[in-house]
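A.B. asks: Here's a sequence, model it:
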Amino acid sequence: MPSRPPFSDIVSSLPATVPFVPPEESERRTGQKIQLRLGANESSFGMSPRAAEAMRHAVEEAHLYGDAHCHELRTELARHHGVETEHIVFGSGIDELLGLICRVFLNPGDPITTSLGGYPTFNYHVKGFGGQLHQVPYDGDRNDLKGLADKARQTGSRILYLANPDNPTGTFYTAEELKCFRRQLPEGCLLLLDEAYVEFAPEEDVMPFDPADPQIIRTRTFSKAHGMAGARIAYAITHPETVDAVNKIRNHFGINRIAQAGALASLRDPGFIRSVAEKVAQGREEYASLARELGFRPIPSSTNFVAIDVGSAKRAQAIMDALWEEGVFVRVPGVEPLNRCIRVGVGTPEERRQFAEAFREAARRTGIDG
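C.D. replies: The predicted structure is shown next:
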């Protein structure tokens, strides 16, 4: 019998897991059809009509590869953010960019620092490239900035990963808080700042770009406020030397021309993005009121979802299961103490009405009615 070569030591040591089970797979496994899809932090408000129209036109050229340099979109992003084009690199979603950044900076065995219970896809990539995770528990419901900086110094970490606004709690640190945090980082430690949800945060509190700083990479996406999660397009703003390094290894034709056309049109429709942020803010308030009505505690959010503290992991799991039985898809963070929360995306007004009805019933059925 022919035999294959052995897998690499790194791959052989990895568990057979992925960061998230897709909702479609959960439907297939359970036979339960999702009626309210509020667990993946997608946008229920869709994309800009201008973006949709641009993508429909781009389909006519889908037989052609996309521009490997994303020149037109890169130029517009540079103008939009007040940076030079050489500061921008693209990826098929932030998830791909996280993997590319790990590949650029990590050697097998290198230490990195992140929050315990933070976005798991980053950890997935770190392990996939043989890095060593050092995790710092949340301080209450927020990333522990002092603890993260201390851990990075203690371990000599090559990368410190921070999502701001945070996933899964939705909490947010202001520009001044982040600037202070940046000064605490050890020399030679990269700050990887994941800003997937930044359009939902207070604009005046977002840290200005300083792409001349070689110690920071900031990632942004068209998946959330722009409503293009399925198109898979994101970008990072950083020092040109880091952009050049990523360009050595990235999939140069990984951003298809349909995604590029949609992203460009969406970027040129700021009024639509503002309207989505306003609708999401209203929905967050409704969820917060609903949580308090049931005797639960909403965690203040600067994202398009709200984490609701229901008091214990057992309660959170019971409510999530009861909601799933009614076709309502939400998630519970996988690590203590965050697993005392359910995380629910802000839907349209009608979706929020349906969720409120299902949530009240799930709380009643599980004996958790405040």
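A.B. asks: Can you list the residue ranges for strands in the chain?
C.D. replies: Along the chain, the segments classed as strands by DSSP state E run 36-37, 88-91, 111-116, 132-137, 159-163, 190-194, 216-221, 234-238, 297-298, 305-309, 328-329, 341-345.
A.B. asks: can you map out the helices along this structure?
C.D. replies: Counting by DSSP state H, the segments of the chain that form helices are 9-13, 23-30, 49-59, 71-81, 94-105, 120-128, 145-155, 175-184, 240-247, 257-267, 270-293, 313-325, 349-365.
A.B. asks: Mind checking those helices for the one nearest to Gly227?
C.D. replies: With Cβ to Cβ, the closest approach to Gly227 among those belongs to helix 270-293: 7.0 Å. The way it works is simple: take the backbone N, C-alpha and C, and place the C-beta from them, glycine included.
A.B. asks: If we go by neighbour counts, what in that closest one is buried?
C.D. replies: Within helix 270-293, the residues scored as buried using 16 or more other Cβ atoms under 10 Å are 272-273, 276-277, 279-280, 283-284, 286-288, 290-291.
A.B. asks: Could I get the contacting residues of Tyr173?
C.D. replies: For Tyr173, the contacting residues are 142-143, 145, 164, 181, taking Cβ atoms under 8 Å, 6 or more residues apart in numbering as the criterion.
A.B. asks: For ChimeraX, write the selection for the buried entries among those.
C.D. replies: Selection command for ChimeraX covering only the buried members of the contacts of Tyr173, criterion 16+ other Cβ under 10 Å:
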select :142,143,145,164,181
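A.B. asks: List just the nearest of the contacts of Tyr173 to Ala58.
C.D. replies: Checking the contacts of Tyr173 against Ala58 by Cβ to Cβ gives Asn164 as the nearest, at 32.4 Å.
A.B. asks: picking up where we left off before, what is the most widely separated pair among the contacts of Tyr173?
C.D. replies: Greatest spacing in the contacts of Tyr173, by Cβ to Cβ: Arg142 and Phe181 (11.9 Å).
A.B. asks: on that earlier part again, I'd like the buried residues of helix 270-293 laid out as CSV, including pLDDT and distance to Leu193.
C.D. replies: Formatted as CSV, the buried residues of helix 270-293 follow (pLDDT from 0 to 100; distance: Cβ to Cβ, whole Å):
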residue, pLDDT, distance to Leu193
Phe272, 98, 25
Ile273, 98, 20
Val276, 98, 22
Ala277, 98, 20
Lys279, 98, 26
Val280, 98, 21
Gly283, 98, 26
Arg284, 98, 22
Glu286, 98, 30
Tyr287, 98, 26
Ala288, 98, 26
Leu290, 98, 31
Ala291, 98, 29
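A.B. asks: quick check, nearest of those residues to Ala313?
C.D. replies: Proximity of the buried residues of helix 270-293 to Ala313 (Cβ to Cβ) peaks at Ala291, which lies at 16.9 Å.
A.B. asks: does the closest one really touch Ile308, like I thought?
C.D. replies: Yes - the pair Ala291 / Ile308 is scored as a contact, 4.6 Å apart, by Cβ atoms under 8 Å.
A.B. asks: joint contacts of the two?
C.D. replies: Both Ala291 and Ile308 are in contact with 297-298, where contact means Cβ under 8 Å, 6+ apart.
A.B. asks: And this structure, split by domain according to the record?
C.D. replies: 17-46+271-365, 49-268 (automatic domain parsing).
A.B. asks: Do I have it right that Ala347 meets Arg284?
C.D. replies: Careful, residue 347 is Gly and not Ala. No - using Cβ under 8 Å as the test, Gly347 is too far from Arg284 to be in contact (11.3 Å).
A.B. asks: roughly how far apart are Glu357 and Leu36?
C.D. replies: Relative to Leu36, Glu357 is positioned 10 Å away (Cβ to Cβ, to the nearest Å).
A.B. asks: Give me the more crowded residue out of those two.
C.D. replies: When Glu357 is set against Leu36 and neighbours are counted by other Cβ atoms under 10 Å, the residue ahead is Leu36, at 21 against 12.
A.B. asks: Quick check: chain neighbours aside, which residue is closest to the residue sitting nearest the centre point of the chain?
C.D. replies: If you average the C-alpha coordinates of the chain and look for the closest C-alpha using Cα atoms, centre = their mean, you land on Ala196, 5.0 Å from that point. Distances taken as Cβ to Cβ, 6 or more residues apart in numbering place Thr221 nearest to Ala196, at 4.9 Å, with adjacent residues excluded.
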